Structures are given as structure tokens and as C-alpha cells.
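[1] Got a predicted model here, sequence first, then my questions.
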Amino acid sequence: MHSGTENRPTAVQSDEELIALFQDGDEAAFSILVGRYKDALVNFAFRFLGDYDEADDVAQETFVRVYRNKLAYRPVAKFSTWLYTIASNLSKTALRRRKRSMFFSLTRKTDEGETSVDIPDMTYAADARAETALKQGIIQDALNAIPAKYREVVVLCDVQELTYEEICEITRLNIGTVKSRLNRGRARLQELLKDLKEDF
Amino acid sequence: MSTEEHSGHTGEGSKHLKGLPKIQASPDFEARLQRRIAEEVKAGTGSGSPRWIPALAYSAATVVVLSIISYYAFFRSGVVPASGPIVAEETLRNNATPSAPASPDHTEPLHSLAKLEDRNVVQDKDVRGKKEPVENNEPRGTSPMAGRIDKQQESGGKAAAAKNDRIKDEAEIAGREEGIAEVPAPVKEGSKIGKPANIAAAPSTEKPAEAAPLSLLSVESAASAPDSATTAPSVAHSAGAVPPGVMYNSKARSSVQSAAAAPESTGADLVAESESAAKKEAEKIKAWSALGETMSLKTSASEKQISIDRQLELVTHQIDSLAVKDSVKLDSLRRLQRYLQRQKYLQTQQQKIRKPD
């Protein structure tokens, strides 16, 4: 299975091969996996949570969980799916924790109840300044404004560009539900961003 | 909103999202991750799942241990069988402890101690409940049922014997210190075998040789009694400090006599001297009381030995004379015989052990 380079993991090996090597005790394989997915995980978590620090923590915790439970992975699914599943669960947990620990919040009535609007993140603002900060800020605010269950699917599909099948595995939903949530999420987002085109 | 409009809007939203820049991880992401993993490995939680604790097994073990402790601490200690030697032991343990309070000056007279055995018999009857009453002066061992009564008293004899030894030691020490001579326990004249001697009725040591055959211990005591002690009680009584039935050796007597036979000497010194003498005598009486109790209990033990012999004879006789057909009665008699033989053996062994004392 590990052709030629059984004991030396390389960047050309697939995720599944690397995790197999890591399960055998090869720490270098884990380092390659970290380097391969750290940006993707941080990006996903940031778009889901809207906070860079939290996103960084979630990405770190995801890799720690992978390291700790490396033997729990079975090669019946893609490694990336398993990784995104962990990150998604951790992001939801962080979101719930944030809601519980929030000392003050601005709320707005939506169709499904109250949705919190976070205070703008200065880290994000600093990052976005280089790339048309205002526009991205508005998009991120709109993304944060839609319910988490829609946001998760939208981010996985439109930001992370995963397939429906992968999203189904990560969210453990059937494909119909995924598509439905994706459409509703996009519609909400579009509604919030309808003035964006006119402004820019 | 039409379907085309809706799909157009959703496509636009998707386009917005796809146009967002990719957020990069911080440059020190991997370094921090490695530090964190190293800390976890160092702490011992880095490998495998969380440690499994057998909580159910621990709980079950705790419940079992507590149950056993509770059983032995509360239930088992509280159970008293309806019959048998345990009841007798309880009874005689109570009897062995004198319940009569001492007088304020601790001068308990011997006649009150002499009533100890009478009281014991009454308490025995109380403990046994509604069993047929046993007369105090009735000779024991006349029926097979009497064996059970004697069994209880034999068990009590063991308990009392242990106490006797202790009391005797204390009395001897007190006697050495205070100059009290060992004096035979007074025995009532004409008392029957198996009946406790009534010390209160006995006028101190009058006719000790007559009373001696009734009790082995009385014989021993009588032999060791000094002759001069026989006249002491009257002197002590005249001094008003000693109850009847108490005797003294010459040293003790002389101190009492000096207190009593000095009517001419007047003044506070004389009064103080007489008071101190009275106090001394009171202490001697206390020591003597303990000795008297010992004697009385030992007498009882020897009488019980005689009673066992008699019962054994009677049972043997009944077994011989009994018809073979009545096998049930024969069995019970044989059991009783075996029991009595065992008791006799134990008594003999006990006496052998005591003999060196």
C-alpha cells in the first residue's frame, strides 16, 4: 500500500496513506497532514464563527483531536471528511459556548428567532483591509447573520467547495436536507447582500 | 419571487462567497500545535482514550463492605438466642457485677454481700422468664430438667470464677497493706448442699469447723484463719465503726482497741485519733468485703460441682432403669449425661488450674 516510501512520508502521498503511517507511529506524516489542512481548517472555522482567534483555536483543537484519536479513523471515508467533521463539531461547540458566555449582545428578530450579531472583530478588519475590507466585512457579517445550520452547509459548499456527498458525511444529513439548507442559506445571504452590488 | 429569480439570487450569493479571500493560518500555527501536543503527551493524556474507571465495580465493592460491617456491628451483636448458654452467660455476667451501691463511707457489711447469691438466683429466674420457679433451699439436680438450670449457673460460675480471681488478688494486696488476715467465709449453720451460704446469718466465725465440710473453700479458709481473729468483731462493734461479721488480725485489733479503750484521754487529739482509726477500719472493711464476696462465689462454685455429680448420678440411674422402648427419652437422657460429664470435666480442669493459687 505504501509503495516505495513506506517509512518516509512525502507530500505526494494521499491523506489516507499519511494517516495510516501516522497510525503506525510516524509523526512526520502527521506534520504533513497539518501543513496540508491548517489553512483550510482555519478558513472554514473563520467563515463559520466570524472570529479569527476562535477559528485558530478550533483548528488547533481539531489537530489535537486527530493526534489523540488517530486510531479512531477508519479508511471508509476520506480523511478530509473526518477532519472537517471534527472541525465542524468543534465550531458548533464554540458557537454555543460563545452564546452562553456572552455578556451583552445585540439581537435582531428573524424568522427562526433571535440571532446574535457580534461586535465586529478587529483582527478581521486588519486582515480585510488589504482586500477590500469593507466588502468582505459586509459579506462576513451577512454570513454570521444567517442561522448556524444554514451557515455550516453554505460555508462547506461555497467557501470550502466540498461536494454534496462530503457535506452529507460531515454533517451526517441526507442529501436532500443538505440541498434544502444550502438553498435557504443562500437565499438568506442574498437577501442580506442585495444592496452590496449597488454599492460596489 | 419566481424560481429563476430565486436561483439567480442564490447564485449571486454563492458568487460573493466564492470571491472571499482564503484565510491563512498564523505562521506559528504548527509550532504552537507541536507545543500543545508535547504538553499533552507529557501529561500522559496524549495517547488513547480517556482512562476507564470501573465505577460500578467500586460501588458494588463498597456496598458489600458496608453491608458486612453493618451486619457485624449492628445486627449480629443484637441477636440473643432464646435459650442456651449464651443466655446463662448474660445472666451471670449481670450477676457477677454487684448491683448494690456501696454505702457513703464504703463500709459495705458482709451480710449484704452474703445476699449476692440469693439475688443471683432471683435474677436467674427473671431472665429465664416464665420457666418454673426453683426454690432457693431446694436441692438441685433432682430432675433432668434441673440440668439446664445448673448449666446456666455453671456458665455463670465460670464468669464469676474469673472475677473471683481478680477480686481475690485485690483483696490479698489490700490485706497485705492493711494487715487484714485471710479469714474463712462464714457459713450458715445447717445449710444444705447446693445452697449458697448465708453469711449475714452467721455470727462471724463461730463454729468454723462445723461449716467447713459444706464447702471445700471454706475448709481451706478455716485452716488459714488465725485464732486471735475470733474476738475482734466484738471490739470493733463496741467502737461503732465495724459492721458485724468482720474480723481482724492482732495488728488491726490493737488499733481498734486503742481507739475504743481510751475513755480517760480527753481532748481534740483523742477525738482526731479515734476518727483516723475509724477511717482506717473503714478501709479495711472495704478490702474485707471484696474478700468476702470472693469466698461466697467460690463456695457457690464448689457446691455446683457437687450438684453436677449428683445430677450425673441421677441421670445415669435413670438411663439404667429406663425401658429400651422409650428411645426418645433415652436419647435425651444420654445427651444430658454427656453434657453433665463434659461440665464435670470442665469443672475439674478449672479447679486444677486454680489449685496453684
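    Yep, it's here. Residues are numbered from 1 along each chain as shown, chains lettered A, B, ... in the order given.
[2] Pull out the buried residues from stretch B:310-327.
    Going by neighbour count (16 or more other CB atoms under 10 Å in any protein chain shown), the buried part of stretch B:310-327 is B:310-312, B:314-315, B:318. In short, each C-beta sits where N, CA and C put it, glycine included.
[3] just stretch B:14-25 next, same as before
    B:14, B:16-17, B:20, B:23, B:25.
[4] Which ones among these also lie next to chain A?
    Applying CB under 8 Å from any CB of the partner chain, the subset of these adjacent to chain A comprises B:14, B:16-17, B:20, B:23, B:25.
[5] of those, closest to A:T177?
    The nearest member of those to A:T177, counting by CB to CB, is B:S14 at 18.3 Å.
[6] Give me the pLDDT value at that closest one.
    Reading off the confidence values, B:S14 has pLDDT 76.
[7] do the same with B:F74
    The score at B:F74 is 83. That number is its pLDDT.
[8] what about it, which SS state?
    Assigned by DSSP: H, G, I helix; E, B strand; the rest coil, the conformation of B:F74 is helix.
[9] Run a quick neighbour tally on it.
    9 (other CB atoms under 10 Å in any protein chain shown).
[10] I'd like to know how far it sits from chain A.
    Summarising the geometry, the distance separating B:F74 from chain A, computed by CB to the nearest CB, to the nearest Å, is 49 Å.
[11] leaving aside the residues next to it on the chain, what's closest to the residue positioned nearest the centre of chain A?
    Taking CA atoms, centre = their mean as the criterion, A:F44 is the residue nearest the geometric centre of chain A, at 2.7 Å. Once flanking residues are discounted, A:F44 sits nearest to A:Q160: 5.3 Å by CB to CB, 6 or more residues apart in numbering or on different chains.
[12] quick one, phi psi at the one you found?
    Phi and psi for A:Q160, reported as degrees, to the nearest 10, are phi -90, psi -10.
[13] so what's it up against?
    Applying CB atoms under 8 Å, 6 or more residues apart in numbering or on different chains, one finds that A:Q160 lies in contact with A:40, A:43-44, A:84.
[14] Most neighbours of all those residues, which one?
    Compared across the contacts of A:Q160, A:F44 has the highest neighbour count, 27 neighbours, by other CB under 10 Å.
[15] what pLDDT does that residue get?
    The pLDDT attached to A:F44 in the predicted structure is 92.
[16] Which strands or helices does the helix or strand hosting it pack on?
    The secondary structure element spanning A:F44 is helix A:27-49 (assigned by DSSP states H and E). Helices and strands touching helix A:27-49, as assessed by 3 or more CB pairs under 8 Å, 6 or more residues apart in numbering or on different chains; DSSP states H and E, comprise helix A:15-23, helix A:52-68, helix A:79-101, helix A:148-154, helix B:29-43.
[17] Can I get the third one in PDB? Just the C-alpha atoms.
    If I follow you right, that is helix A:79-101. Extracted C-alpha coordinates of helix A:79-101, given in PDB (Å, rounded to 0.1, in the frame of the first residue of the first chain):
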ATOM      1  CA  PHE A  79      -9.500  11.800   5.800                       C
ATOM      2  CA  SER A  80     -10.600  15.400   4.900                       C
ATOM      3  CA  THR A  81     -14.200  14.500   5.600                       C
ATOM      4  CA  TRP A  82     -13.200  13.100   9.000                       C
ATOM      5  CA  LEU A  83     -11.200  16.300   9.700                       C
ATOM      6  CA  TYR A  84     -14.000  18.600   8.700                       C
ATOM      7  CA  THR A  85     -16.400  16.700  10.800                       C
ATOM      8  CA  ILE A  86     -14.300  17.300  13.800                       C
ATOM      9  CA  ALA A  87     -13.800  20.900  13.000                       C
ATOM     10  CA  SER A  88     -17.500  21.400  12.300                       C
ATOM     11  CA  ASN A  89     -18.400  19.900  15.700                       C
ATOM     12  CA  LEU A  90     -15.900  22.000  17.500                       C
ATOM     13  CA  SER A  91     -17.100  25.100  15.700                       C
ATOM     14  CA  LYS A  92     -20.600  24.400  16.800                       C
ATOM     15  CA  THR A  93     -19.500  23.900  20.300                       C
ATOM     16  CA  ALA A  94     -17.600  27.100  20.200                       C
ATOM     17  CA  LEU A  95     -20.600  28.900  18.900                       C
ATOM     18  CA  ARG A  96     -22.800  27.500  21.700                       C
ATOM     19  CA  ARG A  97     -20.100  28.400  24.300                       C
ATOM     20  CA  ARG A  98     -19.900  31.900  22.900                       C
ATOM     21  CA  LYS A  99     -23.700  32.400  23.200                       C
ATOM     22  CA  ARG A 100     -23.700  31.200  26.800                       C
ATOM     23  CA  SER A 101     -20.800  33.400  27.800                       C
END
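[18] returning to that earlier point: export the ones next to chain A among the buried residues of stretch B:14-25 as TSV, with columns for secondary structure.
    Written out in TSV, the entries for those read as follows (three-state DSSP):
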residue	secondary structure
B:S14	helix
B:H16	helix
B:L17	helix
B:L20	coil
B:I23	coil
B:A25	coil
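[19] For A:I138, what is the enclosing helix or strand?
    Counting by DSSP H and E, the element that carries A:I138 is helix A:133-145.
[20] Which of the helices and strands packed on helix A:27-49 sits closest to B:A287?
    Between B:A287 and these, the shortest separation by CB to CB is 74.6 Å, and it involves helix B:29-43.
[21] Mean pLDDT and distance to B:L333 added to the helices and strands packed on helix A:27-49, as CSV?
    Formatted as CSV, the entries for the helices and strands packed on helix A:27-49 read as follows, by pLDDT from 0 to 100; distance: least, CB to CB, whole Å:
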stretch, mean pLDDT, distance to B:L333
helix A:15-23, 90, 86
helix A:52-68, 92, 83
helix A:79-101, 89, 87
helix A:148-154, 91, 94
helix B:29-43, 88, 80
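[22] As TSV, those helices with distance to B:S327 would be great.
    Converted to TSV, these look like this (distance: least, CB to CB, whole Å):
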stretch	distance to B:S327
helix A:15-23	84
helix A:52-68	82
helix A:79-101	86
helix A:148-154	92
helix B:29-43	81
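[23] May I see the buried residues of stretch B:27-39?
    For stretch B:27-39, the neighbour count (16+ other CB under 10 Å) marks B:29-30, B:33-34, B:36-37 as buried.
[24] contacts for stretch B:31-47?
    Contacts to stretch B:31-47, defined as CB under 8 Å, 6+ apart, come from residues A:34, A:60, A:63-64, A:67-68, B:26.
[25] tell me the phi and psi of A:E161?
    Listed backbone geometry of A:E161 is phi 60, psi 40, with angles given as degrees, to the nearest 10.
[26] Run through the residues that contact A:V155.
    Residues in contact with A:V155, defined by CB under 8 Å, 6+ apart, are A:44, A:47-48, A:143, B:17.
[27] Now with 10 Å, please.
    By CB atoms under 10 Å, 6 or more residues apart in numbering or on different chains, the residues touching A:V155 are A:43-49, A:88, A:91, A:143, A:162, A:167, A:185, B:17, B:20.
[28] All set, thanks.
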